[in-house]
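>>> generate a structure from the sequence data that follows.
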Amino acid sequence: MSVRLAVQIACDRGIVPSAALFSKWLNSAFDSQIRGEVALRIVDTAEGAELNRTYRGKDAATNVLAFPCEDDFSVYESEPPLGDIVICADVVAREAQAQRKLPEAHWAHLTVHGALHLQGYDHESDADAERMETREREIMRQLGYPDPYESLAPAAAALQDRQQ
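Take a look at the predicted model:
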């Protein structure tokens, strides 16, 4: 693995994937030549809302926040910090259920999404969003997960209609 991961769990551990899975997902999103360290913090709704309010001016928890390291990497003798990713466990669970996604697949997607943000990807413009989403789809496919942007809700609704 090229990127080392430090996981901090600040919420109910029962709903959080293993550090090994997080590491697998994270490293799938980084080029194998990249070396460094990422801190991944799993938070509850209160901490997620506070961080989103402080750093984005939005008064609610969001699913994932990414904080790329802006240090001068030349000063590090060992692997430099690449940044921090914060994922709100409560939001992940709620979204996975509402979007009818497997929770593990949603966790994987948000980890990949955060890792891409650390590498400079964003979704501020339509072109940037398309570039980022294309890369996310590729990584998720390589990991064996479904397209994270394909909604399962219409298919599930159609199946429910047929059963009535």
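
>>> which ones are touching Glu37?
3-6, 79-82 (C-beta atoms under 8 Å, 6 or more residues apart in numbering). All C-beta atoms are positioned from the backbone trio N, CA, C, and that covers glycine.

>>> in this structure, which spans are strands?
Secondary structure of the chain (DSSP state E): strands at 3-10, 36-43, 64-68, 81-88.

>>> most tightly packed of the ones you listed?
Sort the strands of the chain by mean neighbour count, taking mean count of other C-beta atoms under 10 Å, and strand 81-88 sits at the top with a mean of 23.

>>> check which helices and strands that strand is in contact with.
With contacts taken as 3 or more C-beta pairs under 8 Å, 6 or more residues apart in numbering; DSSP states H and E, strand 81-88 sits against strand 36-43, helix 45-56, strand 64-68, helix 103-118.

>>> which residues touch the second one?
Defining contact as C-beta under 8 Å, 6+ apart, one finds that helix 45-56 is touched by 10-11, 43, 58-62, 65, 67, 86, 88, 90-91.

>>> turn those residues into a markdown table, columns for pLDDT.
Below are the contacts of helix 45-56 laid out as a markdown table (pLDDT from 0 to 100):
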| residue | pLDDT |
| --- | --- |
| Ala10 | 93 |
| Cys11 | 90 |
| Val43 | 97 |
| Lys58 | 95 |
| Asp59 | 91 |
| Ala60 | 95 |
| Ala61 | 94 |
| Thr62 | 96 |
| Leu65 | 97 |
| Phe67 | 95 |
| Val86 | 98 |
| Cys88 | 96 |
| Asp90 | 94 |
| Val91 | 95 |
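
>>> next up, the contacts around the closest residue to Cys11 other than its chain neighbours.
Using C-beta to C-beta, 6 or more residues apart in numbering and skipping residues adjacent in sequence, the residue nearest Cys11 is Asp44, 4.1 Å away. If you count contacts by C-beta under 8 Å, 6+ apart, Asp44 has them with 10-12, 88-90.

>>> ramachandran angles for Asp44?
Per-residue torsions, Asp44: phi -90, psi -180 (degrees, to the nearest 10).

>>> how close does the nearest residue to His117 once chain neighbours are set aside get to Ile85?
Spatial nearest neighbour of His117, chain neighbours left out: Ala66 (3.5 Å); criterion: C-beta to C-beta, 6+ apart. Distance, Ala66 to Ile85, using C-beta to C-beta, to the nearest Å: 5 Å.
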